[in-house]
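Undergrad: quick one, fold the following:
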Amino acid sequence: MCAEPLLAVLIGPGGVGKGTLARRLTEVDRRLWLSRSWTTRPRRGTETGDEYEFVDRATFERAIANHEFLEWAQFQGNLYGTPIPRTTGGADVLLEIEVQGAEQVRRQYHDAVVFLIVPPSIDHLEHRLRERGDTDEHVDRRLASTPDELRVGGALASYVIVNDDVERATAEILSILEKLRRERRSLA
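TA: Below is the predicted model of the structure:
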C-alpha cells in the first residue's frame, strides 16, 4: 500500500474553484500529477482549452466502449470522464471530477482521499458562476443541483475545504496531503 501513489480527488459544485485549486496545487507541489478529464461540453469563452480534453460525443462514447476511463458520468446533458492514468512517474494523482465520478472512484479505490470543496456561501458561488460568463439558465441549473452535490459529496468526502481564499485552501489541502504521505512512509 505504501509504495502506491496517493489518489487525491477534488469534488464540489460547479464554480466552486476546483480547477483553480487543482492548477495551484500542481504548481506548488511537484509530487502531484493532475489527470486531465474529458468532456463533451463546449468550451467556455473564458477557458484556454487546457482545462479539459474537449471531445465530441462519439469520441467519448468510443472511449467508454473501450474501457478507457477510470470514471465517467453524465452531468447536465454532457459527458465527463477521467482517462485511466497511464503513467505518473511515481507522483501522487490528483483528479478534479464531478460527484458522480467520485462515487465510482471511491468504489474502486477505497483509500482515495476525497476533498469536498465548498463555497463560503451560495451567494458567493452564484457570483463566481456569473463572473466566469455562465448564462442565467446555466447558473440556475448549477445552483439547483448544488444542495444535492453537497449532500452526496459530504458523504464521500474525507475532508471538507471551504474555498474562501485560494492560497489558504491550497495550503490546507497540501498540509493534509503531507500528513498522509508521512503516515504512508511510517507504514513502509
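Undergrad: what residues are up against the one residue sitting closest to the centre of the chain?
TA: For the chain, Glu96 is the residue whose C-alpha lies nearest the centre (CA atoms, centre = their mean; 1.7 Å). The neighbours of Glu96, taking CB atoms under 8 Å, 6 or more residues apart in numbering as the test, are 10, 18-19, 21-22, 34, 37. Glycine gets a C-beta too; all of them are placed from N, C-alpha and C.
Undergrad: can you give me the strands for the chain?
TA: Assigned by DSSP state E, the chain shows strands spanning 7-11, 32-34, 38-39, 53-54, 69-75, 78-83, 92-96, 113-118, 159-162.
Undergrad: could you dump those strands to CSV with distance to Asp140?
TA: Formatted as CSV, the strands of the chain follow (distance: least, CB to CB, whole Å):
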stretch, distance to Asp140
strand 7-11, 21
strand 32-34, 30
strand 38-39, 20
strand 53-54, 24
strand 69-75, 15
strand 78-83, 16
strand 92-96, 23
strand 113-118, 20
strand 159-162, 24
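Undergrad: relative to Glu137, which of those strands is closest?
TA: strand 78-83 (14.2 Å; CB to CB).
Undergrad: could I have the closest one exported to PDB, CA atoms only?
TA: Taking C-alpha atoms only, strand 78-83 is exported to PDB below (Å, rounded to 0.1, in the frame of the first residue of the first chain):
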ATOM      1  CA  ASN A  78     -22.800  16.400 -21.100                       C
ATOM      2  CA  LEU A  79     -20.400  13.600 -20.500                       C
ATOM      3  CA  TYR A  80     -17.300  13.900 -18.200                       C
ATOM      4  CA  GLY A  81     -14.700  11.400 -17.600                       C
ATOM      5  CA  THR A  82     -11.200  10.700 -16.300                       C
ATOM      6  CA  PRO A  83      -9.000   8.500 -18.500                       C
END
